[in-house]
Structure formats: C-alpha cells, structure tokens
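Chemist: Fold the following.
(chains A, B, C and D)
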4 protein chains.
Amino acid sequence: MKKKKVAVIGATGVAGQQFLASLPRHPYFEVTALAASERSAGKLYKDAITDAHGAFRWYCQEPLDPAYAKLKVQDAAHLDASKVDLVFTAVESDAAKELEPRYAKTTPVVSTASAFRYEPDVPIFIPGVNMEHDKLIAIQKKKRGWKGFVTPVPNCTTMGLAMTLKPIHEAFGVLQVIMTSMQACSGAGRSPGVIGLDIIDNVIPYIPKEEEKVEMETQKILGSIVGNRVAPAPFPVSATCTRVAVLEGHTEAVYVSMKKHATVDQVKKVLRDHGKEFIKLKFPSCPPHLIDVTDDPFRPQPRLDRDREGGMLTSVGRVRADHALPNGMKYMLVSHNTKMGAAKGGMLVAEYLVHKGHI
Amino acid sequence: MKKKKVAVIGATGVAGQQFLASLPRHPYFEVTALAASERSAGKLYKDAITDAHGAFRWYCQEPLDPAYAKLKVQDAAHLDASKVDLVFTAVESDAAKELEPRYAKTTPVVSTASAFRYEPDVPIFIPGVNMEHDKLIAIQKKKRGWKGFVTPVPNCTTMGLAMTLKPIHEAFGVLQVIMTSMQACSGAGRSPGVIGLDIIDNVIPYIPKEEEKVEMETQKILGSIVGNRVAPAPFPVSATCTRVAVLEGHTEAVYVSMKKHATVDQVKKVLRDHGKEFIKLKFPSCPPHLIDVTDDPFRPQPRLDRDREGGMLTSVGRVRADHALPNGMKYMLVSHNTKMGAAKGGMLVAEYLVHKGHI
Amino acid sequence: MKKKKVAVIGATGVAGQQFLASLPRHPYFEVTALAASERSAGKLYKDAITDAHGAFRWYCQEPLDPAYAKLKVQDAAHLDASKVDLVFTAVESDAAKELEPRYAKTTPVVSTASAFRYEPDVPIFIPGVNMEHDKLIAIQKKKRGWKGFVTPVPNCTTMGLAMTLKPIHEAFGVLQVIMTSMQACSGAGRSPGVIGLDIIDNVIPYIPKEEEKVEMETQKILGSIVGNRVAPAPFPVSATCTRVAVLEGHTEAVYVSMKKHATVDQVKKVLRDHGKEFIKLKFPSCPPHLIDVTDDPFRPQPRLDRDREGGMLTSVGRVRADHALPNGMKYMLVSHNTKMGAAKGGMLVAEYLVHKGHI
Amino acid sequence: MKKKKVAVIGATGVAGQQFLASLPRHPYFEVTALAASERSAGKLYKDAITDAHGAFRWYCQEPLDPAYAKLKVQDAAHLDASKVDLVFTAVESDAAKELEPRYAKTTPVVSTASAFRYEPDVPIFIPGVNMEHDKLIAIQKKKRGWKGFVTPVPNCTTMGLAMTLKPIHEAFGVLQVIMTSMQACSGAGRSPGVIGLDIIDNVIPYIPKEEEKVEMETQKILGSIVGNRVAPAPFPVSATCTRVAVLEGHTEAVYVSMKKHATVDQVKKVLRDHGKEFIKLKFPSCPPHLIDVTDDPFRPQPRLDRDREGGMLTSVGRVRADHALPNGMKYMLVSHNTKMGAAKGGMLVAEYLVHKGHI
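Modeler: Below you'll find the predicted structure:
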C-alpha cells in the first residue's frame, strides 16, 4: 500500500505531539505537513518547541523523530489540506470550529477536539465499539457538500466508560449508568492546565462542561443509526467529574443497572471477550486486548495500569454486585486519557477508516 | 458543674492525640488518665511520643498541653476505669473488642473503633442526626449487665454521608443512595498507613472493609428504634471507597433518589437548615453550622474546606439534579475525617450524653 | 495615633490578598484604596475576584474583610497616591518599574516586587536584620526628588537565608555561603505558576533569575552603609534554587564558613538570641521570636513549620559542623515564602518605618 | 560461555525484585535459587508475593518472568551457596551482616546492603569508576579465608555523586565537595518506607545515617589502593540528604572546588567523555553513556530523566561556575536510585567481575 500523506495540526501542543509520537515508521501514514498557530509558523519544528530559556518542550516518552524536527511548521489557518490524504487535528474547540470545515472540504479529518461531536451527522468513533457508525460519513459528506469529513474522538473520560458499557449493554441491556471520575491533570493540558497550587493535597470537584460531554457522548456512541442520524442509547447516564493529583490516566467508578440479571463472572466474561473481532483486523495501533479485567482488589490504579499495552488498554477491576440499583453491577476502570483517550485512539480510528476505504 | 474525669486510651496514636488536642480547658471534662499499649506504659506522655531519633511525634496542629505531657502513661490492659467518669478509646478494632467491655462494666465509653458498631444494642451517634438512639443505652446496659456502655462514632466516611442524607430523608424520603469517596491518607493512620510509593501520582481503588462499613452504618444511623434495636433505614446504600493523595478531608460524590420530587433549591435549603435545634444546645465542640452549602462550583475542596469551623462542618457543593435516578439529586461533600469524623465528633457526642445525663 | 491611610496595589493577586489579609483591625493602618489592572478597575473588590464560573478567588486562610469586599477597585495606572500615607505594591516587576516611581513622588511605597531592589539608593529591609539601612531613605528621596520613597522586601528565598546569616556574621564572621533551596510552588504565583504536570513526582532544578537575586540580595542586606550606598557584605554566596511539590514554605540547606571557630551550641545560641531588641519594640506583626532552633533532627519541615508564629518565624534545625569548609557549619531552615517572605514581612517593615517616622 | 548459576536473596522485597527484573535471558547468568525470610520459605515465588487480600506485590515495570514465578522460595538462613556461582543479596543491613559471610565462604556475593561497605578489605564498586579496586578481592579472600568474597554497591545517593566527581577529579583535582540531595521515596523501601502523611506537601530534612554514608563512600570509591586497603580520596565531602515527594530518582545539587581552574565547557567535556573505555567492553547491562550533560537549564528532572538508558545513566545539567569556592563549579544531577543505584548497578558490577575472572 502506498502510504497516505498526513498533516498534523496543533503539532506543537501536547495532543499534537502525541500524534507525532505515534507516526514514525507507521505502515499506513507518512507525515508531510505540520501546522500550528501563526506564532510558530515558519519555524523549524524543533525550534518551535524550544522556549526562550532554551528548554526543549517535547512532552512524550517516545523521542521526537529527527525527520519531524526539521519540518517547517505551517500556519494552520493557511494550510492547503488538499495536498494530504488525511488531517489529524489537535487544537482547542474554538480553533477546530474554524479550521476543520475548511480542511474537510477536500480531506478527511480525525480530530481530538469537541467542536463537531454533537452534530447529528458526525460520528464519534471508539475503536471496536461503534465502527458501524461509519454510515454517517456518506451522510455527512452529502449534506455538507464536502469531499472529506470530520470524525472526532470522544472526550477522554467518555472513552473508558463507553468502551466498558458496550459489551454489558449488548449482553444484558443497560438501564441506568452512574459514574464518578478521578481525572488526571494531563486532561487539562498545559496552558496552564491544572496548577500545582490547586491540586497538591487536594481534589477539584468540578471540570467545566465535562459531565455534560460524558453523558451525551456515551449515549451517542452506544446509540444506533436511525435514518440519517444516531439515535442515542435509551439509558440515562449521570456523571460527576473530578480532578485529582495524578499525572496521566483517568480512574472511574461505574455503577450500572441492567435489564437482565447477570453474575459478576458473566459480566467479567463479556468485558474480557470484548472486541475480539476488531482485534483480529490487526491494525498497527490496536492492542492485543481492548479490556482487561483483574481480580486483584487493589487494581486498577492509574500509575500502575495506564501504560499497559501502550496506553491502549482499558483496565477494569473490582467488578461486584451493586445492591442499590436493579440488577446492579459496579466496577472501577482506568483508561489512558492522552493515549487511547486522545491521539493514539484517533490513530486507531484512522487505521480503521483506511481499511474501510474512507481515507 | 463539677468536671467529669476522663481517661484517653490509645493516647499515643494519632486518633488519641486528637482527643487530647480537644480537651485542654474543656468545660465538662478533665483528663486524669492516659493509657496506651504495654510498650508505652510507665513513661511520661512526652517521652512516650518521642522516638529513638529524638523526634517528637505529636501530630496535631494544636500544641500538646504541658499538663498532659507530664502525665504517666498507663497500660490500657490494666486501667481501672472505675476511677473515671468517661473513657475515650482510640485503639484498633481488635484491642477495642478486648478493652471496651472491660471499661464499660463500670464506665461509659465513647470510641472511635468499629468493634461494637454492628451490635444491635449499640448506637452509632452522629451529632444532630440520631441522638434519639440514646434509648439503646438503657437497653445495652440492662442486656449486658454493665454500669457503663459503649457508643462508637461512625466510620469517618459514613459521617458526611449520613449527616447530609438525614435532612434529605426527613424532607423527601430517600429511596437509593450511591456514593463514591476520595479519601484522605490520614484515614489509614500512620502504622504505616498509606505509603508514599503507593499514593503519589495515583489513586488506590480499594480500602478493605470500608464500603461495607459505610453501607451498614448509614442504614443504621438513619434507621429508627423498633423494640430494643435499630431497624435499619429501608433504602439501599452502594459505596465505592478510594484513596487519593490528600492529607486530610474525605471528599464524596453522592447520588440520591427520593420519594418526592424536590428542586435543587429545596434540597439546598433542607441541608442548610439542618441541625438548628441541636446547635441551639451550644455544646462546647458544636460548630455554628452542621452543614454548609456553597454555590461556587469548584467547591468543596478538601484542602480548602476541611478545616472550616474547626473541622466540624460538612461542606456541600455542586447540588444538581441527577437524571439517571428517579427524583434524582447529586452533590459533593467534604468532611474532616480526623476531626468531625473521629475524636472531635466523639467529643461532641460525649457532651450531648452529659447533657442527657448518661455520663 | 491616627491611622495611616494605605492603598494596596495588585490587590486581586495572591500577594496583594496577603496584604489585605493582614490589614483588618491593624492599629497603624486603614485601607482606603485598592487598585489593580485595568481589567478589574471599576468593579467592587468581591466581584473583581469572582471568576466567570462563579468561583470566588480569595486565596488566604483568613476570611476577606467585608469592608474590603465592597471597596471599588481603582486602575493602578491612575491611582492618586497623594491621597494615602502609604502604598503597598504587590505587582509584577515590569508593572512595578512603571508604577512605583509614580507613587513615590508623593508617598512611601513598600513593595514585594524586585524592580528597585538592586538600585544603590534603595534599601532591602528584613525586619530585625538591617533596619539601620533606613539611612538610605533620605539619600533616595534627595537624589530622586521624591517626597516618598520605595523600599522593597527581599526575594522570598533571600529572607530566611539573610535572617539566619545575620547573627552568625555578627558573632563569628561569615567567609563563604553555599545554599540549596527546595522552594514551594506558591513562590511562582498562580498565573500560571508551577503547573501540576511539571511538579507532581518531580523536582524542577531551575528557577529563572532566582539564584542571582538571592546571591546579590544577601550580600546587600548584610552589607553596611558606606557613603550614600550599601557596600555589599564581603563574603561570596552561591545558590542553587529548585522547586519541589510543596504548597507553601521554602526549605534551604545552608553551608557557611566562618572567620572564627564556633561550636554547634554557640551557633545555636546566637541564632536563638537573634532579634531580641527588635522584638521588644512590639510591632503588631512581629512574632515573639525571629528564629527558632530545634534539636529534633527531622525538623524543620515546610508543612509542619511554615505557619508557626503566624508564618513570621524562621525555623532552623540540623545545625551541625561541616567538614568541607574552614570553620564550617551547616543547617536547614524553613521560612514562609508568602508570609514573612512577602506581604506580612512588608507589613512589619512598614510598622518599623512608621515607628521611625519615615511614614 | 556456560551461564553462571545465581541465587537472589531477599527476592520478595523491592530490591530483590529489581535483580529478578534484570535477569531473564541474561547472557551470563541464570537464576537457580531464590531465598527470603523464613516467612516466605517453602512457598512458590508467585504465592510469596501475593498478599492476604489477593494483591500481587510485584513492583517492577518489567513483568515477572513466569519461570521465576514457579520457583520455590528457600529460607535465606539455610541456603547452600556452594550450589551457585554467584549470590545477589538485597536484604537489610542486619541480615546482610549475618548471611553474607556465610555465603562468601564458598561463593562471590554482590550486595545492595551497607553491612560490609566500610570494611578496609571490601571494595565498593561503581561501574566505570573504580574497577581497579578489584585488587582488594584477593586481599579479602586471603584475609578472611573465604573462597568467595563480598562486594557491595554503594548507597544510592553516593552513586551519582561519585560517578560525576570521578572525571572531574581525574582532570582537575577535587579539593572540596558539598552536596544537597532531594531523594526519592523508593530509596526508603516499602516497610513502610516514607508514609504519605509525611511526604505529601512536604520535605523531610533528615535521612538517618545517609549523610555519613555518602561522605565516607565517596572518599573510599575515589580513593586509591595503598598496600592492602583503600586510601580515601583526600578531599572532604559534606552532604545534606533530604526526602521529597518523588517516587524514583535522586536529584543532587553539587558544589565542587578544584585544584586547577577549568571552564564550564571543559567540565562538561570530561563529564560527557567519562567511561568510554568501560562502555567499549559492551557488558549486557551497560548503557551507551555513563553520564549525559544537558544544556537545557530546566533539566535534569527526576521524573523526566530517571529512566533514560534503562535507568543506568547519570543525567547532569546546570553546570556553571561557583563563586563561593576556589575554582568552584556547581551542577545538578539525577540518578536512578533503584536501578543504577541498586540492583541493576550491581548486575553491571557482576558482569565486570565475570569478565575479569572473579566469578
């Protein structure tokens, strides 16, 4: 297969860097353009991420590919998207609202921004969960008169929740969902993100707009295509989203009420078995399991479990009956918010879209 | 009033120190005996808490009273409880199971240990919430043939939950409760408690036995006396208890389903109004409010709110409708686990029991 | 004494708030004006510190005085300083360079900014250490043609170092100083200050310009007036300044070489005795001791010792001989960087200047 | 080469696990025996590290080798060391004092314990720094009548200090050394190590015996063999050792006075060039560089730099002139305390000793 040309937008930010960290030697994609805000435009990438003190602001564990270091950063507002086969965008929602429709006129866009998530003709893909929502792509193209399209990944907190609810919903029918998150600081980025003075020895009980996102996105992702849109899943989702002194990896305490009674072992089994068909497709970014379930009551822990299988695994533990909800079950999960929950999850989505001929 | 003589058992530990920190110049009580394990017995208190390196292991913000510093520590196993009017115990559950019945033969015992909480004839008092359970005291004395009695305070995580559910239950009727806690390290004590290697950059998703305690105690505290025991409140409680990198102050995300519909403002009002009658009794350890409700969406935070009103206030925020539960409401709370949730809460209970003539 | 009218500039920031926290019921001062940047100008103070989410951004432990809450915030660029007797400024260095000379034309200025610290006619006062540098005030006024003057407090890291070196220098003569700091996040403020992603599970080995400030200021503060300027103390100071995951309270490891040999006990004694004459003046913000020396080898610790005596005490411990330097001595200190090391230290300086008739 | 049989003593502890993490597929060594205290003896290794709650207490990033999981743990007090070619010990100092001489009667012992470090006939090896101290091995064997010998690795804080002083001493001659450390919690182990209540929002200014160890060991490691013992390096070392809220990786601020003047660039060069001959021997555990020097002023940071080159690299930064000491230079370093500073450093020493025919 000839490699697809890709542009990474917002390349100097943390999320953009995560895209770059996943792309060296990628079998499907080669990076031919990097773009960021006007301030960085015209600089070599390595200079654009070096600050006035001489500090090198590359935030990924993987080293920066030397070839990318020497690419010239373009102004995102003036990028010619028609020259690439795919655009990865990792910018703030306001910028995405401007830029993504412009790129999508000619080119598919896989985005970490929330700007288009709630549009009826826009799918929010989670790998192995709702890939059949790709039917919306043709609808979106037609309705908007675009040659390309926009597919955002979900909010990082939605990722683990929807991933784990999917097999439970399929097997037993979900009736109600309650979820409390303990989210990592990296979810807020670095500009300035969560400041040390607020989070050391503390919990911040509120993340603006986060709960609404998680509630709406989970219903959309687990919904089904009806006509030319997604009919949200019929069960209500109630979230409380908090921030804790953790660097990476969101932890979630989930309570779910089911239509059919199921034992703890039955729930563990459907979680463990989830995604086997998707995994068989052997995409480059796909982990060997989508969900792991542990019997160690002290797991999952964000520090110990976030990086398992390259940060692409959702780790579940403490599956046990809940006696407050009808046919209730409760469990904990840890999901890597800036890997599966952001750019690397988007990479896996893009790989699937190539496989299906959308890119 | 002539001051009551009190003994503090487990005086060298953190919880025991919290009792001592509350007792200097107390209008009802004077400390006449300190006891701890055999290892400390015979030493002056100040020497018993000085370690081999010369470090002074006093863990309270309040200074150690010089008079207590010079008291000789007795062996808890041989304390003659009949020489005091009241015993405060702050020892591990296994020790409490041994010691407390021995003391209670002659003397009232107010305890932070869980050893007797689940006995049908033992009330678990929360100030301003279920003081009418003092009817059990006579039942307990009679049944066991004791002159004294044992009244434990609840688990520190139960404290804020039951405190806030009480006015909601009274006004609107509670049907179901779901609660996820983010608990402070101090709840685990210092021997060794939570180690730094486990909690820095992490969440620990499990605290052994904690969820069962919270579920049972909440039902018992909000239950009513039927015959010679407490009939548990009829609503189920489901808890997930986790540990976060916070020093003091438990944070809880609560979801409650109610019999009657209520608005957010109605729920805030009953929370704010709670405990007025109790507060009017003006006990020395009683704060000016039992519950405060804030409209700042970023509060309560454990670091900022735990010490309000001497650590005796339950701070509530983010009261909002929950759409997953019938007549659902959700909120966050912060409660000081080693003040209202331990010794200082026990002190306030003791003050009430003096007022009612039980001590 | 009729109270002096004071203006607080930068009143909405953390350092400005610390001034406000110290001023209610102050026997010498009454707040008659608050000023901040244009953005806050015209708002009531309480509204100026309430953000778009409804969060109330008051960062001090002390409650906001209701009278200040209702003051209208003025634009610092247009404040008429002649209407007050004293200006406290707590703004960034660039703003201070603009604003302070303007105010000083008519009015004394006590500042937390570094803008004027290195001017030869400007004293950097530390309470009880170099108050005789007030001779520079007349020189400064004359040279600049001002009715007022500017006196900055030192950098927060200089404070504890110069405070403890003073009595050692007087008694034994300092030859060389080496100091490594472990500084609290609050020293960097909140805009954005130190972000959680950088400081959790980490040490940041560099604070721009900090080491140079500490080295120069220490020499200036411990120098003597020669002619119309301060001759810096003749001993070299070498600093390494780092940031650690601590909220408040700077910790410093100090190594000092002395002209005369001294025993550990002699050094402890001069530290403990330091400042007695100054303390006798009984200024409202003066703590009962300027320096405390502990024999507990595990102290001082920033969390346990920063707030002693209202955050105005320098806590010293681990005084021991150093064998690498001639007549070497080494010790640790903790000093509260946003109390004695900022606004509250400035308040105490202002009280002295009133006493001496400069204000 | 036929693989050498090795036993790992203290295999259930963190340091012992680090040995096990380095041994799978090792080209020189195969694990044939695991030993621990009596409590674990007789259990399969995987069961010995599973606690009463079912939690699996394996603390390394690398997975446990399945072959080791099934080995039976022996009682360290009764291990027959003659059946193996090499013993790695990772036990407390008191246990090491008992066990190591017993093993050394027949077999070489590489140890992380301090028990024998200060014996005149015992070398403390740092890879690439003082391997010529292997002359002591024959002396030790002869003097003690052992067939084997004991070689401890240094204290984890000594490691980075001695490693970086070595090339400076060789090139310019060291006169005085002052070092302040900010040490990670892992250095204290897990039983209980540093508790969360002590280290969150705090610095602990004292680590018992640590400063003495660092001072003595650095002099011994950089000393030369004179007769049948090491003559300590002639320069004094003064240390202050503190604990900070960091999981892994010790940070040190070093000040050094040199005989000859050297520029910053000259010092950087000798640091960067250090160890080339040793590296050329291509031992399995040897990193491609022993020391790296960065020009980014914000580096090294423990979280970002500790794991570089498998945790075997000493990262240096902020090299700059020091004006307090004659021909002074100062710098910061980060060294991984539980990798190069413990078991993995011991592994590299063992590899060298095989190469030289000592094992």
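Chemist: got the domain boundaries for chain A?
Modeler: Using automatic domain parsing, the domains assigned to chain A come out as A:4-153+A:343-355, A:156-335.
Chemist: Mind jotting down where the strands sit in the stretch 51-200 of chain A?
Modeler: Taking DSSP state E, counting those that start in this stretch, the strands of the stretch 51-200 of chain A run over residues A:73-75, A:86-89, A:109-111, A:150-152, A:174-183.
Chemist: surely A:Val8 meets A:Leu86?
Modeler: No: A:Val8 is not in contact with A:Leu86 according to C-beta atoms under 8 Å; the separation is 9.8 Å. (C-beta placed from N, C-alpha, C; glycine too.)
Chemist: More neighbours: which of these two?
Modeler: Between A:Val8 and A:Leu86, counted using other C-beta atoms under 10 Å in any protein chain shown, the more crowded position is A:Val8 (30 against 23).
Chemist: Now for the more buried one: which residues touch it?
Modeler: By C-beta atoms under 8 Å, 6 or more residues apart in numbering or on different chains, the contact list for A:Val8 reads A:16, A:19-20, A:23, A:31, A:33-35, A:88, A:90.
Chemist: Give the residue farthest from the middle of chain A.
Modeler: When distances are taken from the C-alpha mean of chain A, A:His53 lies farthest, 32.7 Å away, according to C-alpha atoms, centre = their mean.
Chemist: who's in contact with it?
Modeler: By C-beta under 8 Å, 6+ apart, A:His53 lies in contact with C:206, C:208, D:297-298.
Chemist: Please work out which residue of the stretch 51-200 of chain A is closest to chain C.
Modeler: Nearest to chain C, among the residues of the stretch 51-200 of chain A, is A:Pro192, at 2.8 Å (C-beta to the nearest C-beta).
Chemist: What about that residue, how many residues nearby?
Modeler: A:Pro192 has 16 neighbours, counted by other C-beta under 10 Å.
Chemist: Equivalent analysis for A:Ile126, please.
Modeler: 29.
Chemist: now do A:Gly310
Modeler: Neighbour tally, A:Gly310, other C-beta under 10 Å: 15.
Chemist: quick one, phi psi at the residue lying closest to it once chain neighbours are set aside?
Modeler: In space, and not counting its chain neighbours, A:Gly310 is closest to A:Pro287: 6.1 Å by C-beta to C-beta, 6 or more residues apart in numbering or on different chains. Main-chain dihedrals, A:Pro287, degrees, to the nearest 10: phi -80, psi 160.
Chemist: For A:Pro287, give me its contacts.
Modeler: A:Pro287 makes contact with A:279, A:309-310, A:312-313, according to C-beta under 8 Å, 6+ apart.
Chemist: of all these, which two lie farthest apart?
Modeler: A:Ile279 and A:Gly310 (13.5 Å; C-beta to C-beta).
Chemist: a markdown table for the strands of the stretch 51-200 of chain A, including distance to chain C and mean pLDDT?
Modeler: Shown next, in a markdown table, are the strands of the stretch 51-200 of chain A (distance: least, C-beta to the nearest C-beta, whole Å; pLDDT from 0 to 100):
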| stretch | distance to chain C | mean pLDDT |
| --- | --- | --- |
| strand A:73-75 | 23 | 98 |
| strand A:86-89 | 22 | 98 |
| strand A:109-111 | 23 | 98 |
| strand A:150-152 | 23 | 98 |
| strand A:174-183 | 12 | 98 |
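Chemist: Just send those strands back as TSV, with distance to chain B too.
Modeler: Shown next, in TSV, are the strands of the stretch 51-200 of chain A (distance: least, C-beta to the nearest C-beta, whole Å):
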stretch	distance to chain B
strand A:73-75	32
strand A:86-89	28
strand A:109-111	28
strand A:150-152	24
strand A:174-183	4
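Chemist: what's the closest non-adjacent residue to A:Asp307?
Modeler: Excluding the flanking residues, the one nearest A:Asp307 by C-beta to C-beta, 6+ apart is A:His336, at 6.9 Å.
Chemist: Settle this for me: the one you found is touching A:Arg303, isn't it.
Modeler: No: A:His336 lies out of contact with A:Arg303 (C-beta under 8 Å); the separation is 11.3 Å.
Chemist: what touches both of these two?
Modeler: Taking C-beta under 8 Å, 6+ apart as the contact rule, the neighbours common to A:His336 and A:Arg303 are A:Gly249.
Chemist: now the stretch 51-200 of chain A, which segments are flagged as low pLDDT?
Modeler: Applying pLDDT under 70 to the stretch 51-200 of chain A flags no residue at all.
Chemist: Could you pull out the buried residues of the helix or strand where A:Thr242 lies?
Modeler: Here A:Thr242 sits within strand A:237-243, counting by DSSP states H and E. For strand A:237-243, the neighbour count (16 or more other C-beta atoms under 10 Å in any protein chain shown) marks A:237-243 as buried.
Chemist: Can you give the contact residues for that strand?
Modeler: Contacts for strand A:237-243 (C-beta under 8 Å, 6+ apart): A:157, A:161, A:176-185, A:187-188, A:194, A:199, A:203-207, A:210-211, A:214-215, A:218-219, B:180, B:182, B:251, B:253, B:255, B:318, B:322-325, B:328, B:330, B:332.
Chemist: 6 Å instead, please
Modeler: Outside strand A:237-243, the residues within contact range by C-beta atoms under 6 Å, 6 or more residues apart in numbering or on different chains are A:177-183, A:194, A:203-205, A:207, A:210-211, A:214-215, A:218, B:253, B:322, B:324.
Chemist: Tabulate the CA atom coordinates of that strand in PDB.
Modeler: Output of strand A:237-243 as PDB, limited to C-alpha atoms (Å, rounded to 0.1, in the frame of the first residue of the first chain):
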ATOM      1  CA  VAL A 237     -26.000   8.500  32.200                       C
ATOM      2  CA  SER A 238     -25.200  10.600  35.200                       C
ATOM      3  CA  ALA A 239     -21.600  11.700  35.800                       C
ATOM      4  CA  THR A 240     -19.500  13.500  38.400                       C
ATOM      5  CA  CYS A 241     -16.100  14.500  37.100                       C
ATOM      6  CA  THR A 242     -13.300  15.500  39.500                       C
ATOM      7  CA  ARG A 243      -9.600  16.200  39.200                       C
END
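Chemist: In terms of secondary structure, what does the helix or strand following that strand contact?
Modeler: Downstream of strand A:237-243, the next assigned helix or strand under DSSP H and E is strand A:250-258. On a contact count with 3 or more C-beta pairs under 6 Å, 6 or more residues apart in numbering or on different chains; DSSP states H and E, strand A:250-258 meets helix A:156-172, strand A:174-183, strand A:328-335.
Chemist: Check the offset of the shortest one from the chain's centre.
Modeler: Strand A:328-335 has its average C-alpha position 19 Å from the chain's average C-alpha position, going by C-alpha atoms, centre = their mean, to the nearest Å.
Chemist: In that strand, which of the residues would be classed as buried?
Modeler: Buried residues in strand A:328-335, counted by 16+ other C-beta under 10 Å: A:328-335.
Chemist: Tell me what angle that strand forms with strand B:237-243.
Modeler: Angle, strand A:328-335 to strand B:237-243, by axes from the mean of the first three to the mean of the last three C-alpha atoms, to 10 degrees: 20 degrees.
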